[in-house]
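# sequence and computational prediction follow.
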There are 2 protein chains.
Amino acid sequence: MTITIIGTGLIGCSLANRLKETRFAQRIIGVDNNAAHLRIALELGWIDEALTMDEAIGQSELIVIAIPVDATLQLLPGILNKLDKQVLMDVGSTKDIICSSLIDHYNRGRFVATHPMWGTEKEGPEAVVKNAFTGRVAVICEKDKTDTDALQIVEGLYKKIGMNLVYMDSEMHDIHAAYVSHISHIASYALSLTVLEKEKEEDAIFELASGGFESTVRLAKSNAAMWVPIFMQNKENVLDVLNEHISQLRKFKAAIEKENTGYLVELIDNANKIKRILK
Amino acid sequence: MTITIIGTGLIGCSLANRLKETRFAQRIIGVDNNAAHLRIALELGWIDEALTMDEAIGQSELIVIAIPVDATLQLLPGILNKLDKQVLMDVGSTKDIICSSLIDHYNRGRFVATHPMWGTEKEGPEAVVKNAFTGRVAVICEKDKTDTDALQIVEGLYKKIGMNLVYMDSEMHDIHAAYVSHISHIASYALSLTVLEKEKEEDAIFELASGGFESTVRLAKSNAAMWVPIFMQNKENVLDVLNEHISQLRKFKAAIEKENTGYLVELIDNANKIKRILK
């Protein structure tokens, strides 16, 4: 199969690599406004050639759009207009606004809305991770609105790279994504800012940064171009979770202020229940 | 050297293992009120024998106390009373209250206040990590209050297991520890509670938990017995950092509510500066 990847960044190129490794794709065409990304993706062998959008679409059976969700929202209708038998899929972290925007599109059936739950805090084609995606969940939304053949191709793709398929409507997806992904990023950004705020006074802090700190603050390296549009498109859910998170932090604050150790133990014992889910 | 480890949990046994591996210790004696931990530590070979506190002190050149900081504070003066030429060190996450409590002790010179910046979210002698501590920082506080020979032994120990020594007063230590360690734990606990609060409604969330979530919530598995006393002993610094953290989260909340994407980009760009410190 010939596949076009629009967006030759971390996600697009990590996927390209897996599709070649598993022989799901024989040929990968890269499309990107970012000339540097495109050149590096070619040099590193993630893509076989670089073409313009129109050239690429004409030569492909499947088009994967792997760019920030604001740009995805803008480009999708135009790409869908150009499709005949081809299949178009996205891999973005928000699904509801994107699905809603295409609901009346005459060619909606050719589009598969997906979210493979994998990523790192790095960016660009240099950051490709080998064997990415394997063992993680790929969410497919609104499958009833997708043509059967298009759905089957995308299901086949995710199975081939070792992902577990989960189906849900786009609203549910966005609620879950706010909890398992978006809030972690905000918490991590805020933690980074908290520490950097005090670094002005305290240089030694960096010498001491321990493993626990590294792990909670890792996501704070993730870039604004990708994450601001996610927070905007999933605004209501993100705010709902963020309010809950601030209220949980206030419980710790109150318990510590009042030296209410019994309540602190209760809060931590409850937080420990996450062990049920994450081994 | 014969070394007694009081507290045969994760830290005590991981240290015991390193001290044997590096031949800094020829013999390790374990002391613990927790009979199960003591038995497992013996079975797994982390300690050579289990004795009572008094027997162990009599036969050791160095005594390491590796128990929660509230129990450390209680036991230290009594142990110090029993020492002749032996050296006593602690490895706890708070230093100021512990140092202050011993300031007028006639035998203060035999005690070395330390904090090796290593740990995991697990507990007990089954959780021992091989090659632990290596490459991390060990903080030594109030070294001027310690006898030269006692200080040299403890410095030798940390160098032998590959740690980098940093010296500071106990107040500074506690401020830094609040930033690089204690706040990460509170943020992680609160994140776990945030997600678990909604899990009542949403079962699917666990299926979707991604790598980013795992990394930010990992520390939420850490136990209350260890962490509540840390938060209590470092109350003022922890509250100071926690207030700052909540105020950073409120900035995200305000920016998202108002769809102020310029401000969101600025916040995230600033948070990204953590890359300077954590590669």
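Everything's here; your move.
# ok, residues contacting the helix or strand where residue A:272 lies?
Per DSSP states H and E, residue A:272 falls inside helix A:261-272. Helix A:261-272 has contacts (Cβ atoms under 8 Å, 6 or more residues apart in numbering or on different chains) with A:251-252, A:254-256, B:188-190, B:192-193, B:196, B:220-224, B:227-228, B:231-232. All C-beta spots, glycine's among them, are computed from the backbone N, C-alpha and C.
# how many residues are close by the residue in the stretch 1-150 of chain A positioned nearest to chain B?
Nearest residue of the stretch 1-150 of chain A to chain B, counting by Cβ to the nearest Cβ: residue A:117, 4.4 Å away. Neighbourhood size, residue A:117 [other Cβ atoms under 10 Å in any protein chain shown]: 24.
# pretty sure residue A:165 contacts residue A:140?
Yes: judged on Cβ atoms under 8 Å, residue A:165 makes contact with residue A:140 at a distance of 6.2 Å.
# hey, where'd the helices end up in the stretch 151-279 of chain A?
Ranges of helices in the stretch 151-279 of chain A, per DSSP state H, counting those that start in this stretch, are A:170-177, A:183-199, A:205-208, A:211-217, A:224-233, A:235-257, A:261-272.
# wait, the residue of the stretch 1-150 of chain A closest to chain B touches residue A:139, no?
Yes: with contact defined as Cβ under 8 Å, residue A:117 counts as touching residue A:139 (6.9 Å).
# need the residues touching each of these two.
Residues touching both residue A:117 and residue A:139 by Cβ under 8 Å, 6+ apart: residue B:208.
# got the residues of the stretch 1-150 of chain A near chain B?
A:117-121, A:136-137, A:139 (Cβ under 8 Å from any Cβ of the partner chain).
# follow-up on the earlier one: so residue A:165 and residue A:140 - more neighbours on which side?
A direct count of neighbours by other Cβ under 10 Å for residue A:165 and residue A:140 places residue A:140 higher, at 22 against 14.
# contacting residues for that one?
By Cβ under 8 Å, 6+ apart, the contact set of residue A:140 is A:112-114, A:151, A:154-155, A:158, A:165-167.
# surely it is within a strand?
Yes: assigned with DSSP: H, G, I helix; E, B strand; the rest coil, residue A:140 falls within a strand.
# quick revisit: per-residue confidence at the residue of the stretch 1-150 of chain A closest to chain B?
On pLDDT, residue A:117 comes in at 93.
# equivalent analysis for residue A:169, please.
For residue A:169, pLDDT reads 94.
# just give the number of residues close to it.
Here the number of neighbours of residue A:169 (other Cβ under 10 Å) works out to 14.
# for it, what are its contacts?
A:141-142.
# how close does it get to residue A:100?
11 Å (Cβ to Cβ, to the nearest Å).
# ditto for residue A:194
As judged by Cβ to Cβ, residue A:194 and residue A:100 stand 36 Å apart.
# what of residue A:12?
As judged by Cβ to Cβ, residue A:12 and residue A:100 stand 24 Å apart.
# and what of residue A:263?
Using Cβ to Cβ, residue A:263 is found at 43 Å from residue A:100.
# cool, and residue A:78?
The spacing between residue A:78 and residue A:100, counted by Cβ to Cβ, is 17 Å.
# so the two - more neighbours on which side?
Neighbours were counted for residue A:78 and for residue A:100 using other Cβ under 10 Å; residue A:100 has more, 13 against 9.
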